Each structure stands twice: as structure tokens, then as C-alpha cells.
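Chemist: Predicted model and sequence below, questions to follow.
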Amino acid sequence: MTQPLLVFDLDGTLAETAPDLVATLNQVLAEIGVAPVTYESARAMVGGGARLMIERALAHAGVSLPKPKIDQMFDDFLVHYNAHIADASTLFPGVLAALDQFEDAGWRFAVCTNKIAQSSVLLLKALGVADRFAAICGKDTFAMSKPDGRALLMTIEKAGGRHDNAVMVGDSKTDIETAQNAGVPVVAVDFGYSDHPVATYKPNRVISHFDALWDAVADIDRGAAVGGVRKAST
Ligand SMILES: O=C(O)COP(=O)(O)O
Ligand SMILES: [Mg+2]
């Protein structure tokens, strides 16, 4: 029988990455003479990948730039960010204990993030957990990315799991919609980067600490997610 699989979002779910993301964002904004965004407003710009974060910051500053210029900023962003991948980024409290607890019970893990895959692997290596994941899939791993449910389904497949024996864990509307689109149940953490309270988007469960993940997952009827593939076919 296939082992159950937990698929984690990365930024704002497994790791508090906003300090390094915002520092890099402000670096590339400074290079084109745009004033820095505040930490609080920049946090809400995370979730759709670095390129969208740059576009949101430019819109916030009322600056409109041609695509090649934004492409250049994105390239500069990745170079700077990869060089500072974990200057101030840390795993959220309880992540390691939760991974141990689920692993002892036979679960496997994957990451499905809108971060570029190379940066995701670099970050997880720097945080000492990369080898705990059967698959680490980023925005550029497949032809489509979150909130397209296929990004999650292909991550599950790559990790050797099954959609009806998997649970997504994420921090944003994007993650919740992705899971709902894929028919996979989703636990939302409420300590990440969401512009509105995560409960707004109707995840199956909301937790405020990784200590609560076990009970939340145990409570979910896998394979019968709201709007889920299996439910629809029975
Ligand atoms: O970096 C981002 O904007 C998104 O990353 P996430 O999908 O891991 O939240
Ligand atoms: Mg996130």
C-alpha cells in the first residue's frame, strides 16, 4: 500500500523566509531607485513566487516597467536571494518534531512551492532538512504552478504518493485553492503570509502551531475532501 504523504508549502509554512525575501526585494528595488517596501506590506506580497512579489511591489510604488526590465529584476533577485538564502530564515517552531512524528508513523513528505526549485533546494539544505523530502517541486518544475491543482497532483506523483492518501499543508489562499482544485484535503497554518485570515478560504483545518498538525490530519477523512476527486466519483 502506498505510504501516506504530507505535501508542504515552503514560504510561510515550513519556514519563516520573509526577512530574506524582503531584504532581497528591497535590494533590487534600490537598484532601480525605488524606495523600500515595509516588512509588513512586503509579507503580504509573498505567495505567488518572486516575480509576482516584484510586480506587486512595483504596483504598490506606482511604478510601471517594461517586461524586459522586470525580467532583469527577477534575474537579479534570484542571484541575490540564492546568495543570502538563509541569512535570517528559519524553520517554524515544531517542524522537526512534526516530521519525526509523522515519519515514525510511516508518512512521507514532499514540498510544493511557488519558489523557484533551485532556491527551494538551497534553502531546505541550508536548514538541514532537504533530504527529508521525497520531492521538492517549485514554480518552474512543471508546466503549471499553484494554484493549478495539477502542480500538486504531479508533486504527489513525483513523491510516489497518491492524491487520495495525501494532505496539503499551506499558509495562503493559493495553497488552499490548489488543494481544493486537486481534490486533496488541506490544513492551513495561520502564522504565514496570508493577506486575509486563512479560514476565509475554507481549508479542512486551521492550526496555529505544528504541535497541532497530527490531530488535525488524523481528523481529516482523506480521499473525501470537499469537492475531491474521489468524492465526486462515488
Ligand atoms: O515565495 C513565494 O512567493 C511563494 O512560496 P510558497 O509557495 O512556498 O509560499
Ligand atoms: Mg506560502
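Modeler: Right, received. Where do you want to start? Numbers count the residues shown, from 1 in each chain. Ligands and ions are numbered 1, 2, ... in the order given.
Chemist: C-alpha from now on. contacts and neighbour counts both.
Modeler: OK.
Chemist: quick one: the strands in the protein?
Modeler: With strands called from DSSP state E, the chain shows them at 5-8, 15-16, 90-91, 108-112, 135-137, 166-170, 186-189, 205-207.
Chemist: interface residues of this structure facing ligand 1?
Modeler: Contact residues, the chain versus ligand 1 (Cα under 6 Å from any ligand atom): 9-12, 46-50, 113-115.
Chemist: Top of these by number of neighbours, please.
Modeler: Thr113 (30 neighbours; other Cα atoms under 10 Å).
Chemist: Can you read off the pLDDT for it?
Modeler: On the pLDDT scale, Thr113 is placed at 97.
Chemist: Arg43 and Tyr193 touch, don't they?
Modeler: Yes: between Arg43 and Tyr193 there is a contact under Cα atoms under 8 Å: 5.9 Å.
Chemist: Between those two, point out the one with more neighbours.
Modeler: Between Arg43 and Tyr193, counted using other Cα under 10 Å, Tyr193 has the larger neighbour count: 26 against 21.
Chemist: That one touches Ser41, doesn't it?
Modeler: No: look at Tyr193 against Ser41 with Cα under 8 Å: they stay out of range, at 10.4 Å.
Chemist: which residue does this protein bring closest to ligand 2?
Modeler: Proximity to ligand 2, evaluated over the chain using Cα to the ion, is greatest for Asp11 at 4.2 Å.
Chemist: OK, contacts around that residue?
Modeler: 17-18, 46-47, 113, 115, 192-193 (Cα atoms under 8 Å, 6 or more residues apart in numbering).
Chemist: quick one: low-confidence ranges for this structure?
Modeler: By pLDDT under 70, the weakly predicted segments of the chain are 1, 223-234.
Chemist: Identify those among the contacts of Asp11 that sit within helices.
Modeler: Among these, the ones falling in helices (DSSP state H) are Ala18.
Chemist: Now tabulate the contacts of Asp11 in a markdown table and tack on distance to ligand 2.
Modeler: Converted to a markdown table, these look like this (distance: Cα to the ion, whole Å):
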| residue | distance to ligand 2 |
| --- | --- |
| Thr17 | 9 |
| Ala18 | 10 |
| Val46 | 7 |
| Gly47 | 5 |
| Thr113 | 7 |
| Lys115 | 9 |
| Gly192 | 7 |
| Tyr193 | 6 |
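Chemist: All the helices of the chain, residue numbers only.
Modeler: Assigned by DSSP H, the helices in the chain fall at 18-31, 39-43, 50-60, 67-83, 95-104, 117-126, 149-158, 173-182, 213-218, 229-233.
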